[in-house]
Each structure stands twice: as structure tokens, then as C-alpha cells.
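A.B. asks: 3D, please:
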Amino acid sequence: MSGSARPAPKSRARPAGRAATPRAGRTTVPGSPLDGWRRWLWVGVLVFAVMIGLPLAHALFGEVVALLGGMLLLGFLIGRWTAPRR
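C.D. replies: Numbers count the residues shown, from 1 in each chain. I've put the predicted structure just below:
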């Protein structure tokens, strides 16, 4: 038994059709309970930024920077959310 070697692991070949198909952008099945969870995550991020970020920016940098930063962030987010999909 001192000369017995373990057999080499078998390599699994990927199917040819799998490599050729592009991955879909959606990770969930339409109609599933997790279909719109990303939207609510971004709503939570926006609420957090308004409730915590704006008063913090106001305290650290002043009213003008807080207002301009808030407008810039909100404008960027609204632009991204309403942009046409490719």
C-alpha cells in the first residue's frame, strides 16, 4: 500500500453554450419577493444621507456647502434614476 497513489481529479468542462451566452443584468426572477429590494436600499441610502449627512455637513462646513452638496448629490441621483436604460 505504500505505492498506491490517489487518482487525479477529473476536470469538468464547461458547456459550450454557457460561455457564449451573456449574463443577464437581473439577478432575481421577475415577480419574486426580492425583485425590487435594490430600489428600497437606495431609498434608505438617500434618507440616511439627508437625515445624517446634511446636518453633519452643515455643522462641519457651513450652510452653503451643505446646500450645494445636497443639491449636487440629489441632482446626480435623480439623473441616474431617471436615465433611460440601455
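A.B. asks: which residues of the chain fall in helices?
C.D. replies: Ranges of helices in the chain, per DSSP state H, are 16-20, 37-48, 54-61, 63-82.
A.B. asks: adding mean pLDDT, write these out as CSV.
C.D. replies: Listed next are the helices of the chain as CSV, based on pLDDT from 0 to 100:
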stretch, mean pLDDT
helix 16-20, 56
helix 37-48, 84
helix 54-61, 92
helix 63-82, 89
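A.B. asks: ok, which of those comes nearest Lys10?
C.D. replies: helix 16-20 (18.3 Å; Cβ to Cβ). For the C-beta atoms, the positions are set from N, CA and C on the backbone; glycine is no exception.
A.B. asks: on that earlier part again, export the helices of the chain to CSV and tack on distance to Ala5?
C.D. replies: Below are the helices of the chain laid out as CSV (distance: least, Cβ to Cβ, whole Å):
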stretch, distance to Ala5
helix 16-20, 33
helix 37-48, 50
helix 54-61, 64
helix 63-82, 58
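A.B. asks: pLDDT score for Pro30?
C.D. replies: pLDDT, the model's per-residue confidence, is 65 for Pro30.
A.B. asks: Arg6: which of the helices of the chain is closest?
C.D. replies: Ranking the helices of the chain by proximity to Arg6 (Cβ to Cβ) places helix 16-20 first, at 29.4 Å.
A.B. asks: how about the contacts made by the closest residue to Pro55 other than its chain neighbours?
C.D. replies: Using Cβ to Cβ, 6 or more residues apart in numbering and skipping residues adjacent in sequence, the residue nearest Pro55 is Ala66, 7.9 Å away. Contacts for Ala66 (Cβ atoms under 8 Å, 6 or more residues apart in numbering) come out as 54-55, 57-58.
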